[in-house]
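Enquirer: Structural data only, the sequence is not supplied:
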Ligand code: SF4
């Protein structure tokens, strides 16, 4: 498949010299995805790289399943959370020759790359026999946990239109050999984190996220109770009152936020706004609109600042999804203006607004929609970084070391 004619990272870097080539390459890898040649796929079966998840090669008759590697690493240590397994028509390719992983865009050599080493706790089991890599997955320096693997917004078709996560519990069961309910046992969480922390110098933050669960006496009470149990289980591994942690959750009320702060060692909270424009928020995020609307989600982030402190509350935008059709913005300039308005609003209130690259995942309602060009993301991350810098905000939790999923926080490396 020939490359589309959007300018690639080298051309965009020439147009936007303030944005380093490797950050642009990372965002283009996220945009377009990645596939492995048979030689590279064989090489990542090595225990050094084997993350154990299934890598599926589509479109070649019967699907081929092998173990997949962890996050890709660029030459400067930038991590790229890109699903190895093409989701788009125009993915990059990683090949393996002469003992090195090499990145190509079609036939063009791009750079030497590597993959994140497999953590020591992978392959071990909890005392209940559950594989630890199904309890926590590893980024280069961060542990990611999903204490609840179902999103109730999917019930009745209220899921976010770009989403392909937490869709059904059957898939979850398959992932963990049928031994696992939707809800993760806090004891398994405690033991997995304890084992992971034995690897010297590897992990410096824990992140929790789950599917939305609006049930309870007050909206999201069930979800909050579950997060508190999980955070308390993690906290038993630390001698300090607080431990470096982030909860990406739904929008909680002040009382729920206070409980999270007072009853756990949580240090930061992130209710994702996803889409700033009010009409597009309602169209793209019907579950969030129903429980309990855009103003509720904004207010939750602002109230959390009073509890966790300025700079310790985040919100993510799925950048580019506001251009989805038929209702989305018609021009890149309108979309950028909306992001900058949102970033300025949140920054004024001490909330860090971050962008993610939109991928029209297979399995989402927006599969097949057109993504914005890479240059949109160059302009976006430059503008977002400039606004946050003017307000003295930095992404301490979601920086390149811990999250590695945001071009704008990557840019802070050069501040
Ligand atoms: S809240 Fe939206 S993005 Fe998150 S899992 Fe549910 S449907 Fe997906």
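Expert: All right, it came through fine. In this text the structure is predicted, and so the values were computed from the model without any measurement.
Enquirer: Give me the mean pLDDT for the helix or strand hosting residue 355.
Expert: For residue 355, the host element (DSSP states H and E) is strand 351-357. Average pLDDT, strand 351-357: 97.
Enquirer: and the next helix or strand after it, what other elements does it pack with?
Expert: Per DSSP H and E, the first helix or strand lying C-terminal to strand 351-357 is helix 374-390. Applying 3 or more C-beta pairs under 8 Å, 6 or more residues apart in numbering; DSSP states H and E, we find helix 374-390 packed against helix 9-15, helix 21-32, helix 332-348, strand 351-357, helix 407-411. Where C-beta positions appear, they are placed from N, C-alpha and C, glycine not excepted.
Enquirer: Just the buried positions in the third one, please.
Expert: Put plainly, it is helix 332-348. By 16 or more other C-beta atoms under 10 Å, the buried positions in helix 332-348 come out as 332, 335-336, 338-340, 342-347.
Enquirer: and the residue of the stretch 301-415 of the chain found nearest the ligand, how many residues sit next to it?
Expert: Closest contact between the stretch 301-415 of the chain and the ligand, by C-beta to the nearest ligand atom, is at residue 318 (8.2 Å). A count of nearby residues for residue 318, using other C-beta atoms under 10 Å, gives 23.
Enquirer: again with residue 198
Expert: 9.
Enquirer: contacting residues for it?
Expert: 120-121 (C-beta atoms under 8 Å, 6 or more residues apart in numbering).
Enquirer: Next: residue 13.
Expert: 19-21, 24.
Enquirer: can you redo the residues you listed as JSON lines with pLDDT, distance to residue 283 and neighbour count?
Expert: Listed next are those as JSON lines, based on pLDDT from 0 to 100; distance: C-beta to C-beta, whole Å; neighbours: other C-beta atoms under 10 Å:
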{"residue": "19", "pLDDT": "95", "distance to residue 283": "31", "neighbour count": "24"}
{"residue": "20", "pLDDT": "94", "distance to residue 283": "35", "neighbour count": "18"}
{"residue": "21", "pLDDT": "96", "distance to residue 283": "36", "neighbour count": "17"}
{"residue": "24", "pLDDT": "96", "distance to residue 283": "30", "neighbour count": "24"}
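Enquirer: And the furthest pair within those residues?
Expert: 19 and 21 (8.2 Å; C-beta to C-beta).
Enquirer: Tell me where the chain has helices.
Expert: Listed in chain order, the helices of the chain (DSSP state H) span residues 9-15, 21-32, 38-43, 169-175, 186-196, 221-235, 254-263, 278-284, 286-290, 294-308, 332-348, 374-390, 407-411.
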